[in-house]
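A.B. asks: take this sequence and fold it.
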Amino acid sequence: MSSWNLAERSRARYRRHFLVDNSAFHVERCMSVMQSGTQMIKLKRGAKGLVRLFYLDEHRTRLRWRPSRKSEKAKILIDSIYKVTEGRQSEIFHRQAEGNFDPSCCFTIYHGNHMESLDLITSNPEEARTWITGLKYLMAGISDEDSLAKRQRTHDQWLKHTFEEADKNGDGLLNIEETHQLMHKLNVNLPRRKVRQMFQEADTDENQGTLTFEEFCVFYKMMSLRRDLYLLLLSYSDKKDHLTAEELAQFLKVEQKMNNVTTDYCLDIIRKFEVSEENKAKNVLGIEGFTSFMRSPACDVFNPLHHEVFQDMEQPLCNYYIASSHNTYLTGDQLLSQSRADMYARVLQEGCRCVEVDCWDGPDGEPVVHHGYTLTSKILFRDVVETINKHAFVKNEFPVILSIENHCSVQQQRKIAQYLKAIFRDKLDLSSVDTGDSKQLPSPQSLRGKILVKGKKLPYHLGDDAEEGDVSDEDSADEIEDECKFRLHCNNGTTEHQVESFIRKKLESLLKESQIRDKEDPDSFTVRALLKATHEGLNAHLTQHPDVKESGKKSHGRSLMTNFGKYKQKTTKSRSKSYGTDDEEDAQQPPSKEPSPLSRLGRRRKTMKLCRELSDLVVYTNSVAAQDIMDDGSTGNVLSFSETRAHQVVQQKAEQFMVYNQKQLTRVYPSAYRIDSSNFNPLPYWSTGCQLVALNYQSEGRMMQLNRAKFKTNGNCGYVLKPQQMCKGTFNPFSGDPLPANPKKQLVLKVISGQQLPKPPDSMFGDRGEIIDPFVEVEIIGLPVDCCKDQTRVVDDNGFNPMWEETLTFTVHMPEIALVRFLVWDHDPIGRDFVGQRTVTFSSLVPGYRHVYLEGLTEASIFVHITINDICGKWSPLILNPSYTILHFLGATKSRQLQGLKGLFHKNPRLAASDSNPHSMRKRSLGDRILRRTASAPAKGRKKSKTGFHEMVEIKESVCEPAREPDGVLRRTARSLQARPVSMPVGRTLLGAWPPAPAVAEAAEGKESPPVQF
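C.D. replies: Numbers count the residues shown, from 1 in each chain. This next block holds a predicted model:
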């Protein structure tokens, strides 16, 4: 029986719970109808419905339709389907007139990272019921299977899909020419003679010259034979081609560092992974079984125990990092994208525990949720609360924090409170929660199943009989500047072109202010993509609101242009210095100009009206402004900072900020200038103990990958315990040795090989492009002193099974917050192309031989060996880390270390743009280039261009400081440069003959930075 059929049988048991309400015969009939195909109307935004034939593929893994201009892209993976809803529930259905379609014939499929909707209409209710039942059945099987079954299923699906794509004529057979083309697509560089030899060995049936799918599986196994794993097996099997149970136990104990390994455990591994019945009978593990075991989740780089909650959940809330979302309702950018209640379901399912709801007055007395003063769509507050109530505790029962940004009138505030109490009911009742100490916050364990409302609270000096009162509005997350707010108050005709032109200019200008580059994300928002979204979003908006086009006011557009022009001049002037502090900028501005965020504390405070009903729902999460903080020992305050203000506090008052976060909660949200919904680096704020670092979950990229890795540990429950040193006591996270009394960790990482590495996702020629030349980069992300990266050599023309066998060594001062990032790049003469990545928390690494599967890629992985050593006492970095070069002793001061984080907040767009180039590195020497060469190609990362004035300054500065990238990461020079220069007085350097760090910093700055009060 083929592995495909075995996988289908193993998955059947996961669907039994679904069959309680649906008989097996009924479900199989649904599958048959779906595979035969059904004609349905596909609704599209702003267009007429299209009649298409929708069908389920033969392996029940993809939903397809035809005809389609997208051809192969016209498909939806069953894995990617989030949910299926019955009736006219989607936004596109709501735009249709009531009597247009029978609701019982309508259903919507939500899929993908951005919760895209596929809205379908059948010809009769029975067909709709059939498809809804069948899709829910398939989704139930996928969600309930274990990790090993899922790994086997995805491998089988990938193998079958690869075969089908290689079969160009669709006859179910592969000839030799199609096989050669497949080899090129899979980045295999083998002699044609060798390919033909394996082809002939696999071609065993009477139909010579072609391979069936079963024969192709044999051919693929021959091609995929792992030399590295075979040698590893021989080293523990006394040079036999199999492992006995005793030899397997020895391997697991010695190499994999596993305890309590029994013979029964090893026999169970043999029964589960061995493919040969003869070997099973002998209780031995052959090379195929050993390969399957090593590629299984049991040998993944991530500790399998961390898939469950394992940390102490009885500590106060302030002792945890909490997964937090910013503007949760948005599906895209901050100006024109759609708002959807389903986004709350998606982020809660991903483990997020703090969601944001921006509430505004809506028509008919119904509060709505949207991003104020923009063209984002509006959704009902009631729908948002119902969605949260339905999905809050599906994945886990730890508390959800509802961050209410209140912009409503008192009347609609009462409606908000009414909905919260009516829908959440006892989930809001915190009377039974026992904190143990009135001066500390409750624990996640004691708040299981509860929803905390974060918002404003009426002052205590008001009597209980006061129905409303004034509260500060200073910390509101309505962070859009007044000049940038889009207000629709029109009388005369404003053309669509005028409005679109205004928004285009606004987007372009704000994008220049946004200093964000997600370097490794090939799908990050670009100016072109944003302008396209602007055009599409504007058309949709004008379709919904024709009065904008017909009854607009010409002066409206002119006034907005004028205001924005003034704003643009102001920001250009105030941001002309790349490295100037905000205080220096304020000193240059006339008194009439808008002050900096910190100097706003001295002006007249903004206030708003708050009703008693909404205030009383806030218990442990009272939103406060910086000037309202009272050092009276009270708890339950949440301080909200934009990333810019938080950055200033982190830079200037890191230790005091850490102490504050030991008693209270702090929320940090993205800058108003991130209109593309990009994200900031959360590490600097985690490093000072900030609990609620809110990111835009709808924007995939480097920062969300770090966030996902951070919270994947501890069962992805959304709560991760902070290091003990951050909960009690304090330290300077920017120090060169922040925790001298604590042992450090040494990570010795041997990068051995790669498997099935694909071509870069943005490759110009796609699968027809050149075979890649891969190399691996490993990056440590944590405290500034720990941030560094190193890389292997380049292997030419081999993405299928490249071999590196290089050892990289890193020293980590605080492993509890460090992340280890594995990146694969394709070497290119003019740069490097991103292939894939995987990020894991340092504490979740497992020692031994491990596979690192690249995120989002089915088969792509790198094979590594991990050793983690404890280092006690004070050691020279040259001894701790062979990758550390002598250049790090040349004037490496504490103030220089801070520049790693300062690079995130460049004010000069021109400098920010040049710094954000992921390929811009300090030039390496000729000796470096020679020594870093392999038999195939040089290592990557050098920019071959003439050195201008700006680069000359950078090179000059690099002599006296280690080379740092804009995100604060120290890029180590190649190991071939480790030899000490003859002129370098090593003894004097190590004995401290160089000026101390603070002295150098003060000499460079010439003055002291003003303190920050918050």
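A.B. asks: not counting sequence-adjacent ones, nearest residue to V27?
C.D. replies: Closest residue to V27 apart from its sequence neighbours, by CB to CB, 6 or more residues apart in numbering: Y137 at 5.2 Å. Backbone N, C-alpha and C define where each C-beta goes, glycine included.
A.B. asks: ok but the one you found is inside a strand, no?
C.D. replies: No - under DSSP: H, G, I helix; E, B strand; the rest coil, Y137 falls outside any strand and is assigned helix.
A.B. asks: so how far is E855 from it?
C.D. replies: As for Y137, its distance to E855 is 28 Å (criterion: CB to CB, to the nearest Å).
A.B. asks: same question, M658
C.D. replies: Taking CB to CB, one finds M658 at 31 Å from E855.
A.B. asks: same check, this time on D228
C.D. replies: Taken as CB to CB, the span from D228 to E855 is 23 Å.
A.B. asks: ditto for T122
C.D. replies: Taking CB to CB, one finds T122 at 37 Å from E855.
A.B. asks: compare those two and say which is more crowded by neighbours.
C.D. replies: T122 (23 against 14; other CB atoms under 10 Å).
A.B. asks: list the contacts of the more buried one.
C.D. replies: Counting by CB atoms under 8 Å, 6 or more residues apart in numbering, T122 touches 38, 40, 105, 107, 128, 131.
A.B. asks: ok, E247 touching L234?
C.D. replies: No - the pair E247 / L234 is not scored as a contact, 10.8 Å apart, by CB atoms under 8 Å.
A.B. asks: higher neighbour count, those two?
C.D. replies: E247 (18 against 14).
A.B. asks: now do the nearest residue to Q315 once chain neighbours are set aside, the pLDDT please.
C.D. replies: Of all residues not flanking Q315 in the chain, S443 sits nearest, at 5.7 Å (CB to CB, 6+ apart). If you check S443, the pLDDT there is 94.
A.B. asks: mind checking how far S443 is from V693?
C.D. replies: 20 Å.
A.B. asks: which one of these two has more residues nearby?
C.D. replies: V693 (29 against 23).
A.B. asks: what strands line up against the helix or strand hosting that one, and which way round?
C.D. replies: Assigned by DSSP states H and E, V693 belongs to strand 692-695. Here strand 692-695 has these sheet partners by DSSP bridges: strand 324-325 (parallel), strand 665-669 (parallel).
A.B. asks: which residues touch I423?
C.D. replies: 382, 385-386, 389.
A.B. asks: narrow those to those in helices?
C.D. replies: Counting by DSSP state H, those place 382, 385-386, 389 in helices.
A.B. asks: need the strands for the stretch 1-150 of the chain, in chain order.
C.D. replies: 38-44, 47-56, 62-66, 75-77, 81-86, 106-111, 116-121 (DSSP state E, counting those that start in this stretch).
A.B. asks: elements contacting the first one?
C.D. replies: Spelled out, it's strand 38-44. strand 47-56, helix 91-95, strand 116-121, helix 125-144 (3 or more CB pairs under 8 Å, 6 or more residues apart in numbering; DSSP states H and E).
A.B. asks: looking at this protein, which helix or strand is least sure?
C.D. replies: When each helix and strand of the chain is scored by mean pLDDT, DSSP states H and E, helix 986-990 comes last, with a mean of 30.
A.B. asks: and the helices and strands packed on strand 38-44, which is most packed in?
C.D. replies: Of all these, strand 116-121 has the most neighbours on average by mean count of other CB atoms under 10 Å, namely a mean of 21.
A.B. asks: quick one: average confidence on it?
C.D. replies: 88.
A.B. asks: next one: stretch 650-657
C.D. replies: Per-residue scores along stretch 650-657 average to 92.
A.B. asks: what is the nearest of the contacts of T122 to S861?
C.D. replies: The shortest approach to S861 among those belongs to W131, at 35.7 Å (CB to CB).
A.B. asks: what pLDDT does that closest one get?
C.D. replies: pLDDT, W131: 93.
A.B. asks: any idea how far it lies from I81?
C.D. replies: Taking CB to CB, one finds W131 at 12 Å from I81.
A.B. asks: now swap in P316 and tell me
C.D. replies: Distance from P316 to I81, by CB to CB: 39 Å.
A.B. asks: ditto for Q315
C.D. replies: Taking CB to CB, one finds Q315 at 38 Å from I81.
A.B. asks: list the buried residues for the strand holding V693?
C.D. replies: Buried residues in strand 692-695, counting neighbours by 16 or more other CB atoms under 10 Å, are found at 692-695.
A.B. asks: and for stretch 735-754?
C.D. replies: Neighbour-count burial for stretch 735-754 [16+ other CB under 10 Å]: 735-736, 738-739, 742, 744-754.
A.B. asks: low-confidence ranges in the stretch 601-750 of the chain?
C.D. replies: Applying pLDDT under 70 to the stretch 601-750 of the chain flags the ranges 601-605, 626-634.
A.B. asks: in it, which spans are strands?
C.D. replies: Going by DSSP E, counting those that start in this stretch, the stretch 601-750 of the chain shows strands at 607-611, 622-624, 637-642, 665-669, 692-695, 719-721, 744-755.
A.B. asks: could you export the fifth one as PDB, CA atoms only?
C.D. replies: As requested, the backbone C-alpha atoms of strand 692-695 are provided in PDB (Å, rounded to 0.1, in the frame of the first residue of the first chain):
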ATOM      1  CA  LEU A 692       2.200  44.700  25.700                       C
ATOM      2  CA  VAL A 693       4.200  45.400  22.600                       C
ATOM      3  CA  ALA A 694       1.500  45.800  20.000                       C
ATOM      4  CA  LEU A 695       2.200  44.900  16.400                       C
END
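A.B. asks: what's in contact with that strand?
C.D. replies: So strand 692-695 is contacted by 321-322, 324-326, 354, 356, 401, 403, 638, 665-670, 679-680, 682, 685-686, 703-704, 707 (CB under 8 Å, 6+ apart).
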